[in-house]
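model this:
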Amino acid sequence: MHDSSQIRALLKALFDDQRLAVLATHQDGQPYATLVAFGADDDLATLYFATPRATRKFANLSADPRVALLINNSANQPEDIHRAMAATATGRAVELEGPRRAAYEARYIARHPHLEEFVRSPSCALIAVTVERYVLVRSFQTVLELRMTP
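Numbers count the residues shown, from 1 in each chain. Here you go, the predicted structure:
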């Protein structure tokens, strides 16, 4: 049995090791997935990423803020069946503005310094996802769930 502190520790370790996530949005009921460079708050309640406003993913999440992010540590090796871990975070996305954007922009640049020019561009949106639930899969079949909202 895993308690929430154990699940949180596994998620934090995974997020510390990984820099990219697959973002899932949808358009007219059709799923759409794309890669994003992400960050996570220490309490895991918020994940964040940057995207140009002229992208399909931005249009999709503007039309419907429900999103999912998948973060995994697979290495495309046979051993992944027993070693890989994947976390799916579901929640709602919102574009950050004002002081909150400034705070998250600093965190984003600290995590992804090579993307500083990108995230500071006036055409770039910084998005925060308020996580409602995590589903963590380990060893191919062990499924753990952490609800972030009551």
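
list the contacts for Leu146?
By CB atoms under 8 Å, 6 or more residues apart in numbering, Leu146 lies in contact with 4, 7-8, 11, 44, 133-134, 136. C-beta here means a position set from N, CA and C on the backbone, and glycine is covered the same way.

let's see 6 Å
Leu146 makes contacts with 4, 7, 134, as judged by CB atoms under 6 Å, 6 or more residues apart in numbering.

same thing with Glu145?
Residues counted as contacts of Glu145 (CB under 6 Å, 6+ apart) are Val135.

Mind telling me what element Tyr108 is part of?
According to DSSP states H and E, Tyr108 maps onto helix 98-111.

longest strand anywhere in this structure?
strand 124-138 (DSSP state E).

after that strand, next one along is what?
Where DSSP H and E defines the elements, the next helix or strand beyond strand 124-138 is strand 142-147.

what stretches of this structure score poorly on pLDDT?
Within the chain, the ranges that satisfy pLDDT under 70 run 1-2, 80-82, 150.

where along it do the strands fall?
Under the criterion DSSP E, strands of the chain are mapped to 20-27, 30-40, 46-52, 66-72, 85-95, 124-138, 142-147.

Between strand 124-138 and the last one, find me the angle.
Just to be clear, that refers to strand 142-147. 130 degrees (axes from the mean of the first three to the mean of the last three CA atoms, to 10 degrees).

can you count the residues close to Ser121?
Counted with other CB atoms under 10 Å, the neighbours of Ser121 add up to 12.

Ignore what I typed, I meant Gln6.
A count of nearby residues for Gln6, using other CB under 10 Å, gives 12.

Between the contacts of Leu146, which sits nearest Lys57?
Comparing the contacts of Leu146 against Lys57 with CB to CB places Tyr134 closest, at 20.7 Å.
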